[in-house]
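A.B. asks: Here's a sequence, model it:
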Amino acid sequence: EAAIQCYNFYKITGNGSKTLTDCDIRYSDKVAASMTWKSGDVIHVMGSLSVPAGVTLTIQKGAIIKFATGAELKTDGGSIIAEGGLFTHIADDSEEAGGDTNEDGTATVPVYDAYELTGFTLSEDCEVRYVTAAYAGGSINDGETVTLGGNRIYKISSDIVVRGGGKLIIQPGAILKMEENKGIFVYSRGTLEAIGTRAQPIVITSSKDDSYGGDTNGDGDDSMPGGGDWNYLEIIGEGKANLAYCTLMYGAPNNESGIVHVGRGSVLEMDSCIVAHGKYDGIWNWGGYVTVRNSIIMGVGMSVASY
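C.D. replies: You can find the predicted model right below:
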């Protein structure tokens with residue numbers, strides 16, 4: 001069993017001036033020297049932990065970093081190289097997070113948006129739990145590419161519109177929680193690429209769906225997801241969408257619509273996906289080119305409605 005390293009668990013204080021000479025101070029509020037958090041390491045960050053100038057902290061895939069409420073990992077002139085690792089709340093007792101490392105049984109539960117990661121970039125091999133990112137949506141125009149990173153939870157508060165020559169990439173493990181009446185629209189010559197994996201599927205679902213990403217709308221059991229909670233994924237005017245290992249649920253609020261809506265001349269490629277629990281149909285194809293392989297469409301009116 002790996003030892004747990006705790007940072008910012010103590011403070012050096014006193015009245016008047018204080019001078020520390022030839023002292024080796026470890027596990028305080030600063031990373032004192034360049035180091036690597038390796039695979040199998042379990043790190044508890046109990047407060048604000050910074051990496052000062054001249055110091056590099058490398059985080060390898062397989063390291064587990066758990067944050068107390070109010071904690072932060074940040075650069076302060078130094079460098080943090082996050083090659084991988086699981087970042088989560090200290091009350092995350094799941095097996096992947098090292099179990100009950102704070103040894104309080106079921107007394108505490110993870111809190112959303114209770115810790116911060118500041119001043120460094122996370123690689124695709126990083127998994128971040130219990131932190132949501134608000135994505136305001138808007139237009140992705142000609143020559144622009146927007147990437148929604150994997151293993152993140154996104155609150156989608158406005159329509160995402162991919163216009164001609166624009167591209168939206170959704171990486172494996174991303175969860176998009178769609179607010180009421182919001183949708184993803186891929187217009188003429190726009191492109192959507194949402195390629196998940198079996199281990200890290202992409203999920204596009206209702207903001208009320210607590211089964212993916214937890215209770216991100218913060219209302220406990222007061223709301224339940226249902227068909228038509230959000231709009232739909234629409235590909236029209238020779239737009240293109242390539243989806244693999246994606247789950248799309250609780251869309252299609254209107255008659256003659258599906259959770260996925262394909263217009264004339266547009267292209268939808270779908271492999272190993274789940275389309276479920278729409279108010280109306282699963283896939284609505286109005287003269288587009290649709291290819292669906294190894295996928296499940298359930299809990300809808302018509303699985304594929306072609307016109």
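A.B. asks: for the stretch 151-300 of the chain, what spans make up the helices?
C.D. replies: For the stretch 151-300 of the chain, helices defined by DSSP state H, counting those that start in this stretch do not occur.
A.B. asks: Show me where it dips below the pLDDT cut-off.
C.D. replies: Filtered on pLDDT under 70, the stretch 151-300 of the chain yields no residues whatsoever.
A.B. asks: what about residue 271, how many residues close to it?
C.D. replies: For residue 271, the number of neighbouring residues by other Cβ atoms under 10 Å comes to 15. (Glycine included, C-beta is placed from N, CA and C.)
A.B. asks: So it is in contact with residue 244, correct?
C.D. replies: Yes - using Cβ atoms under 8 Å, residue 271 is in contact with residue 244, at 4.6 Å.
A.B. asks: Confirm residue 96 sits in a helix?
C.D. replies: Yes - Residue 96: assigned to a helix according to DSSP: H, G, I helix; E, B strand; the rest coil.
A.B. asks: So it is in contact with residue 66, correct?
C.D. replies: No - using Cβ under 8 Å, residue 96 and residue 66 do not qualify as a contacting pair, with a distance of 11.5 Å.
A.B. asks: of those two, who's got more company?
C.D. replies: residue 66 (26 against 11).
A.B. asks: Quick one: distance of the helix or strand where that one lies to the chain centre.
C.D. replies: Assessed by DSSP states H and E, residue 66 sits inside strand 64-67. Centre-to-centre, strand 64-67 and its host chain are 17 Å apart (Cα atoms, centre = their mean, to the nearest Å).
A.B. asks: Now the element after that strand, going C-ward?
C.D. replies: Defined by DSSP H and E, the subsequent element after strand 64-67 is strand 72-76.
A.B. asks: Who does that following strand pair with, and is each partner parallel or antiparallel?
C.D. replies: strand 48-52 (parallel), strand 116-118 (parallel) (DSSP bridges).
A.B. asks: so how many other residues sit close to residue 218?
C.D. replies: 9.
A.B. asks: Next up, the contacts around it.
C.D. replies: residue 112 (Cβ atoms under 8 Å, 6 or more residues apart in numbering).
A.B. asks: Could you list the buried residues of the strand holding residue 66?
C.D. replies: 64, 65, 66, 67 (16 or more other Cβ atoms under 10 Å).
A.B. asks: Contacts for that strand, please.
C.D. replies: Residues contacting strand 64-67 (Cβ under 8 Å, 6+ apart): 37, 41-45, 59, 73, 85-90, 92, 97-98, 101-102, 114-115.
A.B. asks: picking that back up, make CSV from the strands paired with strand 72-76 and add mean pLDDT to it.
C.D. replies: Output for those, formatted as CSV (pLDDT from 0 to 100):
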stretch, mean pLDDT
strand 48-52, 94
strand 116-118, 93
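A.B. asks: Single out the most deeply packed of those.
C.D. replies: Highest mean neighbour count among those (mean count of other Cβ atoms under 10 Å): strand 48-52, with a mean of 19.
A.B. asks: just checking, next helix/strand downstream of it?
C.D. replies: strand 56-59.
A.B. asks: what's that next one in contact with?
C.D. replies: For strand 56-59, using Cβ under 8 Å, 6+ apart, the contacting residues are 31, 34-37, 51, 65, 78-85, 126.
A.B. asks: Of those, just the buried ones, PyMOL syntax please.
C.D. replies: Only the buried entries of these go into this PyMOL selection, using 16+ other Cβ under 10 Å:
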select buried, resi 31+37+51+65+78+80+82+83+84+85+126
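A.B. asks: So residue 63 sits against residue 83, correct?
C.D. replies: No - using Cβ under 8 Å, residue 63 is not in contact with residue 83, being 9.0 Å away.
A.B. asks: one step back: indicate which one of the strands paired with strand 72-76 is closest to residue 151.
C.D. replies: Among the strands paired with strand 72-76, the nearest to residue 151 by Cβ to Cβ is strand 116-118 (12.5 Å).
A.B. asks: what are the pairing partners of the helix or strand just after the closest one, and which direction each?
C.D. replies: Downstream of strand 116-118, the first helix or strand assigned by DSSP H and E is strand 126-128. Neighbouring strands of strand 126-128 in its sheet, by DSSP bridges, are strand 85-89 (parallel).
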